[in-house]
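Undergrad: Okay, sequence plus prediction incoming.
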Amino acid sequence: MRNLTMHLTGAALCALCAFAPAAALAQASPPSAAAAAGEDEARGDNARAAQLYREGNDAFKQKRWSDAELSYLKAWALVRSFDIAANLGEVQLQLKKPRSAATFLSFALRTAPPSAKAEQIARMRHFLDEAKAQVGTVRVRVKNVTDAEVFVDLERVPAEEVKHELYLEPGPHLLVIRRAGYEDEHLGVLAAPRMTETIEPELKPKAEKAPVAAGPGAARPGAASAPGMGDAKTKAPAAGARAEERAGGPRTAVITGGVVAAGVAAGVGTVLAVVAASKWSAASDQRDELRREGGVYVCAAGQRTPSCRDAVERYDDASGLWNAAIWSWIGAGTVGLGTAAYAWLAKVPPERAGSVKVSPMLAVHGGGLVVTSAW
């Protein structure tokens, strides 16, 4: 049974709320009506947060983890303090939410005041280590930009977390690093428990488009172009531009990106398959050892020992990793086929391109592309 350490009591919160405005009034002129209303609202938020914090503590003592989490989250929405974050992190560990728990416990350690007791700091550090043992840790340090945004699996990460550490569930993830005026950086990350990875990308500035200079042969606004040699001169560069674009313009970048994405997905699938095979082998060895000691039916349902449950969990983990590997390979194949189809379609003459259609096909046990054409 875990005993709750009260990092900051509700009474202390209320005392701080009452003290801060009093000190401000003693050193400043009488506040305006708007300022007074803001102070009243702040006092109300702090009082409500203290009440919710106490409710969370009561639920914590009774091991009503879901109720405690709800109370702490409501208090956190009003006041972001280290003590609320610390207790919330402990509760989320009980609820099997290690990624979120690590985020809150990390915040608690960073923002703990000097008055925090040594045992409080040690307790927070202990549970943070416990949470990080179940998730992957990623540090993003952009070399040439200090205020880039980071997205993990299409969800924006708060700037406060980007400055320190990101915690990811084990498995493959897509990181997108974005900054106005720069090209987005897309990175594939394979998070693993207890592993810390530092990413140091350098964003590339977006190329500025050069303005098109109007030459002697350019048409004036409002003027009708006359047929003849002048008309042929204006059409020739357009056709050449299309040919140049088809030869080595955006098509090359798309093909390169497709090849890289397919390679990353295939690599991730291979890594997952290797880890799955290792876990499966370990589970099989453990099962065989248990059968030698207790017979064939030692792990039959209804009489499973902790060792049997551990073996079953290893099998489940291996199965989940294997499924993830299969889907990674399917994704790699789909991206590869799509890239090949794009490269092929880019060579189709414009007058015949409309007759070619590419459609994705997804099924329970696989996926691919369907290419149809008529000419």
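TA: Happy to help now that I have it. Numbering: from 1, shown residues only.
Undergrad: Report all helices and strands that the helix or strand where Val260 lies contacts.
TA: Assessed by DSSP states H and E, Val260 sits inside helix 250-294. Judged by 3 or more C-beta pairs under 8 Å, 6 or more residues apart in numbering; DSSP states H and E, the packing partners of helix 250-294 are strand 171-178, strand 185-191, helix 306-345. Where C-beta positions appear, they are placed from N, C-alpha and C, glycine not excepted.
Undergrad: Now with 7 Å, please.
TA: Where contact means 3 or more C-beta pairs under 7 Å, 6 or more residues apart in numbering; DSSP states H and E, helix 250-294 is packed against strand 185-191, helix 306-345.
Undergrad: Could I get these in JSON lines, plus columns for distance to Val142, mean pLDDT and mean neighbour count?
TA: JSON lines is the format used below for these (distance: least, C-beta to C-beta, whole Å; pLDDT from 0 to 100; neighbours: other C-beta atoms under 10 Å):
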{"stretch": "strand 185-191", "distance to Val142": "8", "mean pLDDT": "90", "mean neighbour count": "18"}
{"stretch": "helix 306-345", "distance to Val142": "26", "mean pLDDT": "74", "mean neighbour count": "17"}
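Undergrad: Make a markdown table out of these and add distance to Tyr53.
TA: Putting these into a markdown table (distance: least, C-beta to C-beta, whole Å) gives the following:
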| stretch | distance to Tyr53 |
| --- | --- |
| strand 185-191 | 32 |
| helix 306-345 | 35 |
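Undergrad: Of all those, which one is nearest Arg178?
TA: strand 185-191 (7.9 Å; C-beta to C-beta).
Undergrad: hey, where'd the helices end up in this protein?
TA: 10-27, 33-61, 65-78, 82-94, 98-111, 118-132, 159-163, 229-248, 250-294, 306-345, 350-353 (DSSP state H).
Undergrad: what's the closest of the helices and strands packed on helix 250-294 to Pro201?
TA: strand 185-191 (4.8 Å).
Undergrad: quick one: contacts of the closest one?
TA: 135-136, 138, 168-177, 197, 199, 201, 203, 264, 268, 271 (C-beta atoms under 7 Å, 6 or more residues apart in numbering).
Undergrad: go with 6 Å
TA: 136, 168, 170, 172-173, 175-177, 201, 203, 264, 268, 271 (C-beta atoms under 6 Å, 6 or more residues apart in numbering).
Undergrad: So which of the helices and strands packed on helix 250-294 is nearest Ala277?
TA: Proximity to Ala277 (C-beta to C-beta) singles out helix 306-345 among the helices and strands packed on helix 250-294, at 7.6 Å.
Undergrad: can you pull the contacts of the nearest residue in space to Phe151 that is not next to it in sequence?
TA: With C-beta to C-beta, 6 or more residues apart in numbering as the criterion, Phe151 has its nearest non-adjacent residue at 4.2 Å, and that residue is Val176. Contact partners of Val176, counting by C-beta under 6 Å, 6+ apart, are 151, 184, 186.
Undergrad: Could you measure from Val79 over to Gly44?
TA: In this structure, Val79 and Gly44 are 11 Å apart, going by C-beta to C-beta, to the nearest Å.
Undergrad: between the two, which one's more packed in?
TA: Taking other C-beta atoms under 10 Å, Val79 and Gly44 do not tie; Val79 has more neighbours (19 against 12).
Undergrad: how near is the more buried one to Tyr342?
TA: For Val79, the distance to Tyr342 - C-beta to C-beta - is 52 Å.
Undergrad: First-to-last residue distance for stretch 167-184?
TA: This stretch, stretch 167-184, spans 21 Å end to end (C-alpha to C-alpha, to the nearest Å).
Undergrad: Going by neighbour count, which residues of it are buried?
TA: 167-168, 170-173, 175-179, 182 (16 or more other C-beta atoms under 10 Å).
Undergrad: As a markdown table, those residues with pLDDT and distance to Ala102 would be great.
TA: Converted to a markdown table, the buried residues of stretch 167-184 look like this (pLDDT from 0 to 100; distance: C-beta to C-beta, whole Å):
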| residue | pLDDT | distance to Ala102 |
| --- | --- | --- |
| Tyr167 | 94 | 4 |
| Leu168 | 94 | 10 |
| Pro170 | 92 | 13 |
| Gly171 | 91 | 16 |
| Pro172 | 91 | 19 |
| His173 | 91 | 15 |
| Leu175 | 91 | 17 |
| Val176 | 92 | 21 |
| Ile177 | 93 | 21 |
| Arg178 | 93 | 24 |
| Arg179 | 92 | 26 |
| Tyr182 | 93 | 29 |
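Undergrad: wait, Leu137 sits on Glu197?
TA: Wrong residue type there; residue 137 is Thr, not Leu. No - Thr137 lies out of contact with Glu197 (C-beta atoms under 6 Å); the separation is 7.2 Å.
Undergrad: more neighbours, the two?
TA: Higher neighbour count among Thr137 and Glu197: Thr137, with 19 against 15, using other C-beta under 10 Å.
Undergrad: Dig out what the more buried one forms beta bridges with.
TA: With DSSP bridges as the criterion, Thr137 is bridged to Tyr167, Thr196.
Undergrad: ok, so of the buried residues of stretch 167-184, who is nearest Gly257?
TA: The closest of the buried residues of stretch 167-184, once distances to Gly257 are taken by C-beta to C-beta, is Val176, at 13.4 Å.
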